[in-house]
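> for reference, the sequence and a predicted model appear below.
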Amino acid sequence: MRNIIISTFVLLLFLTGCSTRQPQYRIGVSQCLDDAWRQKMNYEMERELLLHPDMTLSRRIAYGSNELQCAQIDSFIKERVDLLIVSPNEAKQVQPAVTRAYRAGIPVIVADRRVPGDEWTAFIGGDNYKVGRLMAHWVMEKWKKRGTVSKPFVVLEVAGLPGSTPATLRHKGMIEGIEEAKGEGLEAKVEVQSVMGRWYQENAYEVVSAYLETHPLPDVIVAHNDLMAIGAAEAAGGVPIMGVDGIHPGLQAIVDGKIECSATYSSRGDMIIDAAARIIHKEPYVRDTVLETALVDITAAKPMLKQDEAITRDLETLHLFQTQTESKWRQLRYDKTLLITWLIVSIALFLLAAGYIIANQVKLQQEIKQEILPQLVDVQEAIQLSHRDVAFADRLKQAVDDHLTDQNLSVEYLGSMLQLSRTQLFRRVKTVTGKGPLDYIRERRLIRADQLLHTTDMTIQQVALELCFSSPGYFTKCYKEYFGHLPSAR
Ligand code: FRU
């Protein structure tokens, strides 16, 4: 019985386990920062994840710290995530952790910012060099528009974190682009001066303000992202400024006239998740995806802003929907657990009751077999025996009564009449009458004698003789012993 209960439990637990479909694959996401651009990327990832219910995301943010990011990647390695997505803070410093993950057999998608070497599974990110070239193009357009002035054309570059690939490549693209475009007949030189904004708006404001304390206003400002462009605009109002990213805060700043333009820099979290799913499911994927960039000026910014707002609203609705669905799922799972628990308890109780009843029945059957049945047999035998005894008693009485007046009625004679040996006769007569054959014969004679005395006119002597008593005295003695009083004739 215990085995049945245990098997039922195991079966139910198995069924419960089967029906609760948990995501199979855990994706670790290591984000270097948590600004608007990265939040957009996160949203895009989550939206795409809806198409892959077998995957779940676990996100950790390093808040601009290389050490923290490496530690977070190492913890993902320890947890044996099924795939790792890394957007590294600074390329060289974070590369060792990326390599460790890759060498540990975890597929790694490097997103947005590259790391040196090729120990990663896939890369998806924007063309930072081209972004730099777009900056150079815009700078040169401005330079041309200013015309021939002898003083140099000063470009203030507000750079991102120096060790990060976007900062390096955007700078490189811009410098090389400017170099290539120089010598177009314009006399004065283009002079690029750089300050470090490290990607943050407040930093950019501070470094540009500090710069302006010792320098005149530059001709243009080029910031490596829109947030720093906005910071720079707060410090150096009136200077034409270009940023990078082309999403909400930057687009709004263009529409508001704070900055002049931006270069788009796609985050494409959706593409990253799609690639992750392909890698996990061993489907073909593109190893190196470089995303396009384009200049956004006031004409493009207005519709883009509208679109961006709509997308943000969609994403928020989606997020809300997701949260609601999750809470419904949680409720459903809770209800299911309750139901299953209730089922298990009911089945267990049923099995216990059934076990108890069956055990009792078995016990009862054994009792009947071992105790009641033998007793019944005894009773039956006893009944049969008593039937035989009654028949024998009849035959005995008959044989004795038929020969009460016969002098020859002896134990031997009676035995021969009843076809029994002396011992058999003695035993059976004793059983049915409680006395020996001679005593029984005497009893029957005394009873007949008593009848005769009361129903006939015979005298005591006559009756004693008739019933073969040796003398009337002996008859009287026996009579008194049996009836308790002396015999009397009528
Ligand atoms: C956000 C960000 C963007 C920039 C990108 C480059 O963290 O600074 O503004 O374009 O990173 O990786």
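Great, that's in hand.

> now for the residue of the stretch 301-450 of the chain found nearest the ligand, how many residues are close by?
Closest approach between the stretch 301-450 of the chain and the ligand, counting by C-beta to the nearest ligand atom: D308, at 14.6 Å. From N, CA and C alone the C-beta is placed, and that goes for glycine too. The number of residues packed around D308, counting by other C-beta atoms under 10 Å, is 19.

> go on, D112?
Taking other C-beta under 10 Å as the definition, D112 ends up with a neighbour count of 28.

> what are the buried residues along the strand or helix carrying V94?
With elements taken from DSSP states H and E, the one containing V94 is helix 91-103. In terms of neighbour count (16 or more other C-beta atoms under 10 Å), helix 91-103 has its buried residues at A91, Q93, V94, Q95, A97, V98, T99, R100, A101, Y102.

> for those residues, work out which two are farthest apart.
Q93 and Y102 (16.3 Å; C-beta to C-beta).

> pull out the buried positions in stretch 119-134.
Applying a neighbour-count criterion of 16+ other C-beta under 10 Å, one finds 120-134 buried in stretch 119-134.

> hang on, the earlier thing: pretty sure the residue of the stretch 301-450 of the chain closest to the ligand sits in a helix.
Yes - secondary structure of D308 (DSSP: H, G, I helix; E, B strand; the rest coil): part of a helix.

> how about the residues of the stretch 201-350 of the chain by the ligand?
N225, V244, D245, Y265 (C-beta under 6 Å from any ligand atom).

> surely the third one and S262 touch.
Yes - proximity of D245 to S262 meets the contact threshold set by C-beta atoms under 8 Å, at 6.2 Å.

> what touches both of the two?
Common contact partners of D245 and S262 (C-beta atoms under 8 Å, 6 or more residues apart in numbering): D226.

> of those two, who's got more company?
Ranked by neighbour count (other C-beta under 10 Å), D245 and S262 place S262 first, with 32 against 28.

> find the helix or strand that that one is a member of.
Element membership for S262 (DSSP H and E) is strand 261-264.

> before we move on, what about D335?
Using DSSP H and E, the element containing D335 is helix 298-367.

> show me what that helix is packed up against.
helix 2-19, helix 36-49, helix 248-255, strand 261-264 (3 or more C-beta pairs under 8 Å, 6 or more residues apart in numbering; DSSP states H and E).

> immediately after the first one, which helix or strand?
Scanning forward in sequence from helix 2-19 by DSSP H and E, the next helix or strand is strand 25-31.

> likewise for the shortest one?
Using DSSP H and E, the helix or strand that follows strand 261-264 in sequence is helix 269-280.

> where in this structure is pLDDT low?
Counting by pLDDT under 70, the ranges of the chain that qualify are 1-22, 148, 183-188.

> measure R333 to E206 for me?
R333 sits 50 Å away from E206 when distances are taken as C-beta to C-beta, to the nearest Å.

> now do T312
Plainly put, T312 is 29 Å away from E206 if you go by C-beta to C-beta.

> can you check P53 too?
46 Å.

> if you count what's nearby, which of those two comes out ahead?
E206 (15 against 11).

> OK, contacts around that one?
Contact criterion C-beta under 8 Å, 6+ apart gives G231, A235 as the residues in contact with E206.

> did I read that right, it in a helix?
Yes - the assignment for E206 is a helix, going by three-state DSSP.

> what are the phi and psi values for the nearest residue to A277 once chain neighbours are set aside?
Leaving out its chain neighbours, the residue that sits closest to A277 by C-beta to C-beta, 6 or more residues apart in numbering is H52, at 5.0 Å. Backbone torsions of H52, given as degrees, to the nearest 10, read phi -130, psi 80.

> next: A111.
The phi/psi pair for A111 (degrees, to the nearest 10) is phi -110, psi 140.

> for it, which non-adjacent residue is closest in space?
Nearest in space to A111, with sequence neighbours left out and distances taken as C-beta to C-beta, 6+ apart, is S87 at 4.6 Å.

> hang on, that neighbour packs against Q31?
Yes - S87 is within contact range of Q31, at 5.5 Å (criterion: C-beta under 8 Å).

> thinking again about what came up before, can you redo the residues of the stretch 201-350 of the chain next to the ligand as a markdown table with secondary structure?
Supplementary listing: those in a markdown table, determined by three-state DSSP:
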| residue | secondary structure |
| --- | --- |
| N225 | coil |
| V244 | strand |
| D245 | strand |
| Y265 | coil |
